[in-house]
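**Q** give the three-dimensional model of this entry:
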Amino acid sequence: MTAAVSVRAGVAADAPLLARLFLAARAAAMPGLREAHDAAQVAGWLATHLMTQHTVRVAMLADRPVGYIGFGRDGVHGPMILHLYLDPAAHRRGIGSRLLAEATAALGPRLSLFCIARNTGARAFYEHHGFRAAAISDGATTEEGEPDILYVRDAGAPDTDTTTSGSTP
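**A** Model (predicted):
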């Protein structure tokens, strides 16, 4: 089913749809999560920060965004995945793997990212793709007040598998 999915550059006009996708993905993966920002605030951040300072790639299915990834370089952690979210109905179709491959192709295999600790589906996905937990926070400094995990994939990690979907996202 991923053959019908195309990937393109994200643009500021995508921000409102991607914000709704972001909130829906988080609500499905982590019921009861306290969101620090509403859809309009998330859209504003996507358009004015993520899309202007980093690379955003959007997965499209039938002219509708079904996922996106934001990635770039961070002064502290180096090459990073900043956002990777899928429409909950688009899980297990290889779309997350395909988006992760976009970041790997642009930045190389050594990547890091933060994941909310209770997002077990995302954790399984990242671990399937060679990421390992490097640090765990108590959540005191996260916007959601949730513990998070810093994941790192070393340069010697296997390449992203785009033929299977692994776990969510």
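**Q** residue 50 contacts residue 83, doesn't it?
**A** Yes. Under the criterion of Cβ atoms under 8 Å, residue 50 makes contact with residue 83 at 6.5 Å. Using the backbone N, CA and C atoms, a C-beta is placed for each residue, glycine as well.
**Q** need the residues touching each of those two.
**A** Taking Cβ atoms under 8 Å, 6 or more residues apart in numbering as the contact rule, residue 50 and residue 83 both touch 56, 70.
**Q** residues touching the residue nearest to residue 16 when sequence neighbours are not counted, list them.
**A** Nearest residue to residue 16 in three dimensions, chain neighbours excluded: residue 43, at 4.7 Å (Cβ to Cβ, 6 or more residues apart in numbering). Contact partners of residue 43, counting by Cβ under 8 Å, 6+ apart, are 15, 16, 18, 19.
**Q** pLDDT score assigned to the second one?
**A** Translated: residue 16. What the model reports as pLDDT for residue 16 is 97.
**Q** ok, then the element right after the longest helix along the chain?
**A** Secondary structure of the chain per DSSP state H: the longest helix is helix 15-29. Sequence-wise, the next helix or strand downstream of helix 15-29 (DSSP states H and E) is helix 39-45.
**Q** what's the helix or strand following that next one in contact with?
**A** Downstream of helix 39-45, the next assigned helix or strand under DSSP H and E is helix 51-53. The contact list for helix 51-53 (Cβ under 8 Å, 6+ apart) reads 10, 11, 12, 14, 15, 70, 72.
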